[in-house]
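Chemist: Got a predicted structure plus its sequence, pasted below:
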Number of protein chains: 2
Amino acid sequence: MLIVQKYGGTSVGDLERIGNVASRVAKAKKEGHDVVVVVSAMSGETNKLVGYAQHFSETPSAREMDILLSSGERVTSALLAIALSEMGFPALALTGRQAGIYTDDVHTMARIEHIDNTKMKSELAKGKVIVVAGFQGITEDGTVSTLGRGGSDLSAVAVAGALNADLCEIYTDVDGIYTTDPRIEPKAKKIEKISYDEMLEFASLGAKVLQNRSVELAKKLNVNLVTRSSFNDNEGTLITKEENIMEKPIVSGVAVDKNQARITLRGVSDKPGIAAEIFSTLAKNNVNVDMIIQNVGEDSSTNLGFTVPENELEKAKEIMLELNAAAHLEFDSDIAKVSIVGVGMKSHSGVASRAFETLAKENINIEMISTSEIKISMVVAEKYSELAVRALHNAYEMYK
Amino acid sequence: MLIVQKYGGTSVGDLERIGNVASRVAKAKKEGHDVVVVVSAMSGETNKLVGYAQHFSETPSAREMDILLSSGERVTSALLAIALSEMGFPALALTGRQAGIYTDDVHTMARIEHIDNTKMKSELAKGKVIVVAGFQGITEDGTVSTLGRGGSDLSAVAVAGALNADLCEIYTDVDGIYTTDPRIEPKAKKIEKISYDEMLEFASLGAKVLQNRSVELAKKLNVNLVTRSSFNDNEGTLITKEENIMEKPIVSGVAVDKNQARITLRGVSDKPGIAAEIFSTLAKNNVNVDMIIQNVGEDSSTNLGFTVPENELEKAKEIMLELNAAAHLEFDSDIAKVSIVGVGMKSHSGVASRAFETLAKENINIEMISTSEIKISMVVAEKYSELAVRALHNAYEMYK
């Protein structure tokens, strides 16, 4: 097999840990696999460099930031290659440029445009382990670029795609994706396989293991992603295309997002365009609106409710007061969004009603509902959120 | 004027000092000059990275070492460019590759082969300050290379040559080149101008301001070098071609090297090839022999004396005992080499005899002598070395 392994900042956080990563790579080589490793900077390095730059400027040039920030991954890649070679596994460190990772020229937030895999292929053919500095590439005019937060994951997925790798393993400090947060529900189980689409819903719901950009790219390039821990030998979670998952659970997991706040407008004048004005003004001010519900009120006015991230509530409040769009305004940050996700929902009816019944049985009032093909989200009072998670986890037998 | 300014590790040792460097560059820009800056890594960074690599291997791959070591200068160049731009002086950081510095492929000790100045020229034409990451270049096949110790000085000189700069200023923590060590002779004076050849003799005598490689390159490229301090506004020392120095002093300075040891072989059998065998064996074992004297002895044997660096004495001892080349062996590490250097010697006679008289007047015995066109070196007992320096400094009126 050709395996791409990506190790994040905590996995290469000090020299001892880099040594452990080398042993892990060596193990894969001993098992007969070809290995390409993608590494992040040692944890803390990138933040240190950002701090340095901010000492000089609040708005440092993005081009120069990229020269600055790309140095951390170079250090890790060189050290890991040195460690591997010393252990008898000849290894070659490649910078983003040397690995042929070409990006657009949006410095500090570049997108990978294509990968020239010539160098990697020829070195793999020689039996070498390739250690690629993650997070970085090169623009067409030869300037260093970086890919933004989570960029090393993107590097790994893109490299796996370009080399048609069998597997792309993303190593972090957690074992994989769980059916729900084990701190809330001790019966939470690690998910063995999950589809790209389910993972995308999970990530947007606050599961912070993988960023959506990486999952989207993996889906596009049809890369089999595995997320697992670099600190133990446990099997991780495979994120793959739906067709590869034989037994599709109706509900794969339940997620909770407590960083939500609700705004309710009572007595909105029922004239055309008022909702559009509200939401376009919020968008213009970079307030992210998530769920929206609208009820017809008693007279000619309506009630309008929507949720925003908790840390954007103050800004949303100001905008609402300025717009003066409703007779009464209510704000509530003591809410949580509980969501169940599962590809099986597509082919099963009654999934939603069981969720509503489950919460009703626990006397939990559902304040808002939104659904997609593979997800049902419910807003409840924050104090009930853990209970709601446990009840749903149990109702769909996710512990099995 | 087009000025290349090079700042070493202590000059960019922390963020505050990088800020000071930015102010100094800004000053040159305000005076109407075009400026290219070459920077080292922040002091301590390179040693830290070397330590990291040695954690994994005593003989790390040179190619990977170069990816590792080249990161420090990238950080400094980006930070300085950010600081300058914030101050209103648009600046561009260039890595060795982006600056067009091509080297051979002897990793960690590469030699600059040529510089493609296109990018630097076009950016200078736009009025930008260019900040080049020193110490690094790129091989013809696109791998990062580094130039070895003192490499940033070499980068600066080579860039100055490639751009036909009017001046190449090397900033360190000392004011320039002195007629002698001011700690020995308080009347030591800073030298205003000195020729390349004199500087080369000084450097080999232990004046550690500039490495010989840089001076040799400056001589070859006809670059006017200035060495000065980044911590004050004092004028430095100009190192230039002899023709540019109108008034040539007979003696420019006096240097002392205490890290010398002498080996004396008494009763060397006077057969052909014995001296050749001794010195070729020493050379094979990487012992650097400096001065050599040979006297005809009383019978058919001769006496042979030579000096080696003090830290190579033990190795030299072993070799001499093994060769068993002489009846008696003497070792003396309590010696010092005192040298006077000056282009004026070429056209003045009597310079040497005045030196010998001066030391004789102080009752200092001269144990060995060697001379070149512009240098006279004398070995004396180490305890007399300071007195010898002061006496010579005075005799040639270097305080003037």
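Modeler: Nice, I can see it. Residues are numbered from 1 along each chain as shown, chains lettered A, B, ... in the order given.

Chemist: how close does the residue lying closest to residue A:159 once chain neighbours are set aside get to chain B?
Modeler: Spatial nearest neighbour of residue A:159, chain neighbours left out: residue A:4 (5.6 Å); criterion: CB to CB, 6 or more residues apart in numbering or on different chains. Where you see a C-beta, it was placed from the backbone N, CA and C, and this is true even at glycine. Counting by CB to the nearest CB, to the nearest Å, the separation of residue A:4 from chain B is 20 Å.

Chemist: And residue A:349, by the same measure?
Modeler: Remark: distance between residue A:349 and chain B (CB to the nearest CB) = 58 Å.

Chemist: before we move on, what about residue A:171?
Modeler: 19 Å.

Chemist: Break chain A down into its domains, please.
Modeler: Chain A breaks down into these domains under automatic domain parsing: A:2-173, A:254-395.

Chemist: Same list, those domains, but as a markdown table with mean pLDDT and mean neighbour count please.
Modeler: Shown next, in a markdown table, are the domains of chain A (pLDDT from 0 to 100; neighbours: other CB atoms under 10 Å in any protein chain shown):
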| stretch | mean pLDDT | mean neighbour count |
| --- | --- | --- |
| domain A:2-173 | 96 | 22 |
| domain A:254-395 | 89 | 17 |
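
Chemist: Could you dump those into JSON lines and include distance to residue A:226?
Modeler: Compiled in JSON lines, the domains of chain A are given as follows (distance: least, CB to CB, whole Å):
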{"stretch": "domain A:2-173", "distance to residue A:226": "5"}
{"stretch": "domain A:254-395", "distance to residue A:226": "18"}
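
Chemist: Indicate which one of the ones you listed is closest to residue B:337.
Modeler: Closest approach to residue B:337 among those (CB to CB): domain A:2-173, 40.3 Å.

Chemist: check contacts around the nearest residue in space to residue A:356 that is not next to it in sequence.
Modeler: Residue nearest to residue A:356 in three dimensions, not counting chain neighbours: residue A:366, with 6.5 Å by CB to CB, 6+ apart. Residues in contact with residue A:366, defined by CB atoms under 8 Å, 6 or more residues apart in numbering or on different chains, are A:356, A:359, A:378, A:379, A:380.

Chemist: Distance check, residue A:366 against chain B.
Modeler: Distance of residue A:366 to chain B, computed by CB to the nearest CB: 51 Å.

Chemist: how about that residue, secondary structure?
Modeler: For residue A:366, the assignment made with DSSP: H, G, I helix; E, B strand; the rest coil gives coil.

Chemist: Could you report the separation of it from residue A:158?
Modeler: According to CB to CB, to the nearest Å, residue A:366 and residue A:158 sit 41 Å apart.

Chemist: near chain B, which residues of chain A show up?
Modeler: By CB under 8 Å from any CB of the partner chain, the residues of chain A that approach chain B are A:15, A:18-19, A:22, A:49, A:52-53, A:55-57, A:60-61, A:63-65, A:67-68, A:70-72, A:74-75, A:77-79, A:81-83, A:85-86, A:92-93, A:95, A:97-98, A:133, A:142-144.

Chemist: now the helices for the stretch 301-400 of chain A?
Modeler: Counting by DSSP state H, counting those that start in this stretch, the stretch 301-400 of chain A has helices at residues A:313-323, A:351-361, A:385-395.

Chemist: who does the last one touch, helix- and strand-wise?
Modeler: Spelled out, that is helix A:385-395. With contacts defined as 3 or more CB pairs under 8 Å, 6 or more residues apart in numbering or on different chains; DSSP states H and E, helix A:385-395 has these neighbours: strand A:253-268, strand A:326-341, helix A:351-361.

Chemist: Check the second one too.
Modeler: For helix A:351-361, the packing partners by 3+ CB pairs under 8 Å, 6+ apart come out as strand A:375-381, helix A:385-395.

Chemist: Now do stretch A:137-150: distance to the chain's middle.
Modeler: Centroid separation between stretch A:137-150 and its chain, computed with CA atoms, centre = their mean, to the nearest Å, is 21 Å.

Chemist: Would you check how far apart the residue nearest to residue A:356 and residue B:33 are?
Modeler: Here the distance between residue A:366 and residue B:33 works out to 71 Å (CB to CB).

Chemist: what do you get for residue A:172?
Modeler: Between residue A:172 and residue B:33 the computed distance is 51 Å (CB to CB).

Chemist: cool, residue A:340 as well?
Modeler: 68 Å.

Chemist: Excluding residues flanking it in the chain, which one is nearest the residue nearest to the spatial centre of chain A?
Modeler: Most central in chain A under CA atoms, centre = their mean is residue A:211, positioned 2.0 Å from the mean C-alpha point. The shortest distance from residue A:211 to any non-neighbouring residue, by CB to CB, 6+ apart, is to residue A:150 (3.8 Å).

Chemist: give me every residue that touches the residue in the stretch 251-400 of chain A that chain B sits nearest to.
Modeler: Nearest residue of the stretch 251-400 of chain A to chain B (CB to the nearest CB) works out as residue A:286 at 25.4 Å. Counting by CB under 8 Å, 6+ apart, residue A:286 makes contact with residue A:312.

Chemist: rewinding a little: the residue nearest to residue A:159 should be in a strand, yeah?
Modeler: Yes - under three-state DSSP, residue A:4 falls within a strand.

Chemist: Show me what it is bridged to.
Modeler: Residue A:4 has these beta-bridge partners by DSSP bridges: residue A:36, residue A:168.

Chemist: My guess is it contacts residue A:169. True?
Modeler: Yes - assessed by CB atoms under 8 Å, residue A:4 is found in contact with residue A:169 at 7.0 Å.

Chemist: Which phi and psi values does residue A:190 adopt?
Modeler: phi -70, psi 140 (degrees, to the nearest 10).

Chemist: Name the nearest residue to it, sequence neighbours excluded.
Modeler: Ranked by CB to CB, 6+ apart and with sequence neighbours excluded, the top spatial neighbour of residue A:190 is residue A:176, at 4.9 Å.
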